[in-house]
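Sequence first, predicted coordinates after that:
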Amino acid sequence: MKKIFLGPPGSGKGTYSKRISPIRNAPHISTGDLLRENINNQTEIGIKAKSFMDAGKLVPDKIVIEMLSQRIIIKQKSE
């Protein structure tokens, strides 16, 4: 069974998912964490995302979906 937590910033999504993740043996994936990781590692996606963030804009869904897709594929290959 998979769970997806949706809500505004500060609503507890991360807190609850970090607690439930080890119990359910499921990954905790946070788009905010992935964005920060890609920006810090200066990946191609991180550079694209940072340009939007620096301009005060939301990162387009296309970039976020690409980032999530890479995260899922990389983790599945390593497991």
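Looks like it came in fine. On a predicted model such as this, the values are computed, not experimentally measured, just so you know.

any idea how far Ile29 is from Ser11?
Distance, Ile29 to Ser11, using CB to CB, to the nearest Å: 17 Å. (Glycine included, C-beta is placed from N, CA and C.)

what does Arg71 give?
For Arg71, the distance to Ser11 equals 22 Å [CB to CB].

Looking at the two, which one has more neighbours?
Applying other CB atoms under 10 Å to Arg71 and Ser11 shows that Arg71 carries more neighbours, namely 17 against 11.

which helices and strands does the helix or strand hosting the more buried one pack with?
Assigning secondary structure by DSSP states H and E places Arg71 in helix 61-78. Helices and strands touching helix 61-78, by 3 or more CB pairs under 8 Å, 6 or more residues apart in numbering; DSSP states H and E, are helix 31-40, helix 44-54.

correct me, but Met53 touches Pro60?
No: Met53 is beyond contact range of Pro60, at 11.2 Å (criterion: CB atoms under 8 Å).

what residue ranges in this protein are flagged as low confidence?
1, 74-79 (pLDDT under 70).

ok, back up a step: contact partners of the helix holding Arg71?
Helix 61-78 has contacts (CB atoms under 8 Å, 6 or more residues apart in numbering) with 27, 29, 31, 34-35, 38, 45, 48-49, 52.

filter these to the buried ones?
34-35, 38, 45, 48-49 (16 or more other CB atoms under 10 Å).

For the closest residue to Leu34 other than its chain neighbours, give its distance to Lys50.
The shortest distance from Leu34 to any non-neighbouring residue, by CB to CB, 6 or more residues apart in numbering, is to Met67 (5.4 Å). Going from Met67 to Lys50 by CB to CB gives 12 Å.
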